[in-house]
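> I would like the atomic coordinates for the input below:
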Amino acid sequence: MMQAKNDAYKRTYNHILELQMIDKNLPKTRNIGISAHIDSGKTTLSERILFYCDKIHKIEDVKGGGAGATMDHMELEREKGITITSAATTVEWTGINEKGITFAEGDQKEIKINLIDTPGHVDFTVEVERSLRVLDGAILVICSVAGVQSQSITVDRQMKRYRVPRLAFLNKMDRMGANPYNGVKALKEKLNHNAVLMQLPIGAEENFNGCIDLIVMKAYYFDGENGENIREEAIPAELQDQALKAREEMLDVISAFDDQMMEDILDGKDISEEVIHRAVRTGVNLLKFTPVFLGSAFKNKGVQLLLNAIARYLPSPVSCEKPKAIDSNTATKIDLQPEMDKPLVCMAFKITDEQFGQLTYTRIYQGTLNKGDTLLNTRTKKRVRIGRIVRMHANDRANIDSASAGDIIAMIGVDCASGDTFVAEDGGVEMLSCEGMHVPIPVIELSIKAKDKEMQARMSKGLQRFIKEDPTFHLFTDEESGETRIAGMGELHLEIYVERLKREYKAEVDVGAPQVNYRETIRGEAKFEYTHKKQSGGSGQFGKVAGKIKFLTDERKEREDQVFRMVNEIKGGSIPNEFIPSCEKGFNDVMNKGPLAAFPVINVEAYLQDGQSHDVDSSDLAFRIAARMAMRQAIKDAQPVLLEPIMKVEVETPQDFQGFVIGDLSSRRGVILGSETTDTGDAIINAHVPLSEMFGYATVLRSGTAGKAGYSMEFAKYEPCPLFVQEKVMAERKEKLAERD
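Numbers count the residues shown, from 1 in each chain. Below is the predicted model:
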């Protein structure tokens, strides 16, 4: 008995010591993501980070005959050479010299980095969204040849949405046409960054040999088979003047974040390294400065210096902007504190279904999570016991007993949805929910049909898993045709899921032609007034609503993805307050099916101005029905119009084919936004083109440019269709309905 008690005390004491160590090391933790345009070298950079941090002992390439990059663990990722799903890992970085270096927040010779590698293709942009939602910092990778590309702009917008501090890494400095000055210029002009070079290249293109650090004014070379041996030398004589000029420009920019530093520069005093690091760190964490670093991940140059910058400048869970949670009782936002002894609050940001249960990637914001704890899901109000906690390394996992504030781990066997908040029971935080993430709307759909009943069961199982894992993947039955349809962010997005059905579930399916997800809206303003009155013995139903609807402008939207808004202008209690939510639900009921072609209605603002109730017969149902009927008629009277998705298309082509590309895009009802010429002489053409005109474009572009051009495409906006397109779409929908009848 005494021995058991002593053992219990020992376990408790060791656990306390472990938690104290976690808390003490929290300033040494960095939660970061790597994001960029497709084919900018994100996964290659991740592979080098794993190697230099001794997480792996052999470097694999993204493309080629080897085993494939560590973070691209899916078979399809390795076949296609692209990242499809984000992957997480944890590494430790000790600096580039034997003595250790001084990083941010004290003398820290070992930094723990929770790293997430995200996809670059726009079809998988939700992976970037949910990763950035839970990260404290990021690396924006830019190709030093192509510069800022279309998806670079999207990724930057996502970073700004979640207020994520970032460093920029100009990759592929060994490529022909690499130009760091153009990269910085693009960051300033296209992304409005206050960007400045922190390094200068030694050599150019195939002769790129190393970097000059403008803070310590030393040259660094990367020797050895994999660039693992860092050699520090004096700056080459021929680059001395250029380096001094670049350092002066750098100090001028970053001195804006340190008043004493600015005064010392004006007085001609020497500026210490630590003062410069502090000013850079301040600017980065205020989201007002983007330091730019150089390298070639593929050629193993510059990555270790970037790791030093991650440790020095990006925030820890302690110093980052405090994450917010919403109190459901008061609708107010409160700060979550990264302290281990506070009640637990954590967020599930990504889920995958696996053979042994659901794997739930989780960011812990506050408190401590222990194996065996019982938590409350604040969305479902259900309690769940945590049986197993793991730390992820791509697709591998290691069991752990506990994790605390600031950590990113995964729970196994927990049934939940992406975005759910888990809190400690009876901790006074049961009403808290972490702020959600932005989920883009799908723009393309296609029909899918199993070849027999056995395949149908397999297909259904796979599709249910996919919609649970990916909030941008939608599954529904078309009312007009009775077909099973899937919707997503692009052709590649849906193609990948169809291929996964065949490989992972052995489900042979027939796929229909891709179709566009149109929307409907209104152009005018219309008044509404409707009375719902029904008497059938006993209590009846009575509810009257009146008001107007008009187009919801961008200025009036409370959030980027808002499609409907109700304004309550009821005065004098003509409609009792308890029935107002029912009116809003009734208005919203009509939004999923417009009057023109039964597509969802967006961008409508309803003003509830008057109404009437009955002491006995009024009810939630009566007012919901009245609002529904009133809205249905009002939309018909407000000049409804069909909207089509417009895509932002960026084509890079040799100059010889520029005329063909512009002519072809124009023939597809495209609007040319502009063109520019790269240092290599290629043309980059930007255009807005309707999605309906872009099917099969890859084949046409390849044949028309002898396979020398490439393009990227992402959703830009919805715009009214031309009349002939609207009439065609309406006729097709009407024909489908007739066939079904």
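
> you'd agree K58 is in a strand?
No - read with DSSP: H, G, I helix; E, B strand; the rest coil, K58 is coil and lies in no strand.

> Tell me the pLDDT of the nearest residue to it once chain neighbours are set aside.
Nearest residue to K58, sequence neighbours excluded (CB to CB, 6 or more residues apart in numbering): F51, at 7.9 Å. To be clear about C-beta, it is placed using only N, CA and C from the backbone, and glycine gets the same treatment. Per-residue pLDDT puts F51 at 91.

> okay, now F51: neighbour count?
Counted with other CB atoms under 10 Å, the neighbours of F51 add up to 21.

> Helices of the stretch 1-150 of the chain, start to end?
Using DSSP state H, counting those that start in this stretch, the helices of the stretch 1-150 of the chain run over residues 2-24, 42-52, 75-80, 125-134, 150-161.

> I'd say M431 and A325 touch.
No - the criterion here is CB atoms under 8 Å, and M431 misses it with A325 at 9.2 Å.

> From T154, how far out is the most centrally placed residue in the chain?
Centrality entry for the chain: nearest residue to the mean C-alpha point is E129, 1.5 Å, by CA atoms, centre = their mean. Distance, E129 to T154, by CB to CB, to the nearest Å: 10 Å.

> what do those two both touch?
When contacts are counted by CB atoms under 8 Å, 6 or more residues apart in numbering, E129 and T154 have no shared neighbour.

> what comes up buried for the longest strand seen in the chain?
Determined from DSSP state E, the single longest strand within the chain is strand 640-654. Neighbour-count burial for strand 640-654 flags 640-653 (criterion: 16 or more other CB atoms under 10 Å).

> In TSV, list those residues along with pLDDT and distance to K708.
Output for the buried residues of strand 640-654, formatted as TSV (pLDDT from 0 to 100; distance: CB to CB, whole Å):
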residue	pLDDT	distance to K708
P640	94	44
V641	95	40
L642	95	37
L643	94	35
E644	93	30
P645	92	28
I646	93	27
M647	91	22
K648	90	22
V649	90	17
E650	88	16
V651	90	11
E652	85	9
T653	88	7
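
> Can you spell out which helices and strands pack onto the helix or strand following the longest strand of the chain?
Next along the chain after strand 640-654, taking DSSP states H and E as the criterion, comes helix 658-667. Contacts defined by 3 or more CB pairs under 8 Å, 6 or more residues apart in numbering; DSSP states H and E place helix 658-667 against strand 640-654, strand 671-677, strand 682-690, helix 697-704.

> Okay, buried residues for helix 658-667 please.
So for helix 658-667, counting by 16+ other CB under 10 Å, buried means 658, 661-662, 664-665.

> what does it contact?
Contacts of helix 658-667 (CB under 8 Å, 6+ apart): 649, 651, 653, 672, 675, 683, 685, 687, 689, 700-701, 704-705, 709.

> Quick check: mean pLDDT of it?
Averaged across helix 658-667, the pLDDT comes to 94.

> Could I have the CA atoms of that helix written out in PDB?
Output in PDB follows, covering the C-alpha atoms of helix 658-667 (Å, rounded to 0.1, in the frame of the first residue of the first chain):
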ATOM      1  CA  GLN A 658       1.600  35.800 -76.700                       C
ATOM      2  CA  GLY A 659      -0.800  36.800 -79.500                       C
ATOM      3  CA  PHE A 660      -2.300  33.300 -79.600                       C
ATOM      4  CA  VAL A 661      -2.800  33.200 -75.800                       C
ATOM      5  CA  ILE A 662      -4.500  36.600 -75.700                       C
ATOM      6  CA  GLY A 663      -6.700  35.900 -78.700                       C
ATOM      7  CA  ASP A 664      -7.800  32.500 -77.200                       C
ATOM      8  CA  LEU A 665      -8.600  34.000 -73.800                       C
ATOM      9  CA  SER A 666     -10.600  36.800 -75.400                       C
ATOM     10  CA  SER A 667     -12.600  34.300 -77.400                       C
END
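
> how many degrees apart are that helix and strand 682-690 in direction?
Relative orientation of helix 658-667 versus strand 682-690 (axes from the mean of the first three to the mean of the last three CA atoms, to 10 degrees): 10 degrees.

> quick one: which of the buried residues of helix 658-667 is nearest G387?
Lowest distance from G387 to the buried residues of helix 658-667 (CB to CB) belongs to L665, with 54.7 Å.

> what's the nearest residue to A204 once chain neighbours are set aside in contact with, if anything?
Excluding the flanking residues, the one nearest A204 by CB to CB, 6+ apart is A178, at 6.7 Å. Shown in contact with A178 (CB under 8 Å, 6+ apart): 144-145, 170, 172, 204-205, 208.

> ok, 6 Å please
Applying CB atoms under 6 Å, 6 or more residues apart in numbering, we find A178 in contact with 144-145, 205.

> E92 now?
So E92 contacts 53, 110, 112 (CB under 6 Å, 6+ apart).

> got these as a markdown table, with distance to P338 and neighbour count columns?
Shown next, in a markdown table, are those (distance: CB to CB, whole Å; neighbours: other CB atoms under 10 Å):
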| residue | distance to P338 | neighbour count |
| --- | --- | --- |
| C53 | 23 | 21 |
| E110 | 19 | 13 |
| K112 | 14 | 21 |
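
> Now render these as a markdown table, adding distance to G543.
Formatted as a markdown table, the contacts of E92 follow (distance: CB to CB, whole Å):
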| residue | distance to G543 |
| --- | --- |
| C53 | 64 |
| E110 | 66 |
| K112 | 59 |
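
> Would you tell me which one of those residues comes nearest to V122?
Set against V122, the nearest of those by CB to CB is C53 (29.8 Å).

> what's the nearest residue to the closest one if we skip its chain neighbours?
Spatial nearest neighbour of C53, excluding adjacent residues (CB to CB, 6+ apart): V91 at 3.7 Å.

> Helices of the stretch 451-600 of the chain, residue ranges please.
Using DSSP H, counting those that start in this stretch, helices in the stretch 451-600 of the chain cover 453-469, 491-504, 580-589.

> quick check: mean pLDDT across the last one?
Spelled out, it's helix 580-589. 93.

> what ranges of the stretch 501-650 of the chain fall below the confidence cut-off?
Across the stretch 501-650 of the chain, the ranges flagged by pLDDT under 70 are 536-538, 558-562.

> Show me the strands in it, by range?
For the stretch 501-650 of the chain, the strands defined by DSSP state E, counting those that start in this stretch cover 509-511, 515-516, 519-522, 526-534, 541-551, 564-568, 604-612, 640-654.

> Quick one: the ones you listed as a markdown table, columns for distance to D470 too.
Below are the strands of the stretch 501-650 of the chain laid out as a markdown table (distance: least, CB to CB, whole Å):
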| stretch | distance to D470 |
| --- | --- |
| strand 509-511 | 18 |
| strand 515-516 | 19 |
| strand 519-522 | 21 |
| strand 526-534 | 38 |
| strand 541-551 | 31 |
| strand 564-568 | 24 |
| strand 604-612 | 28 |
| strand 640-654 | 19 |
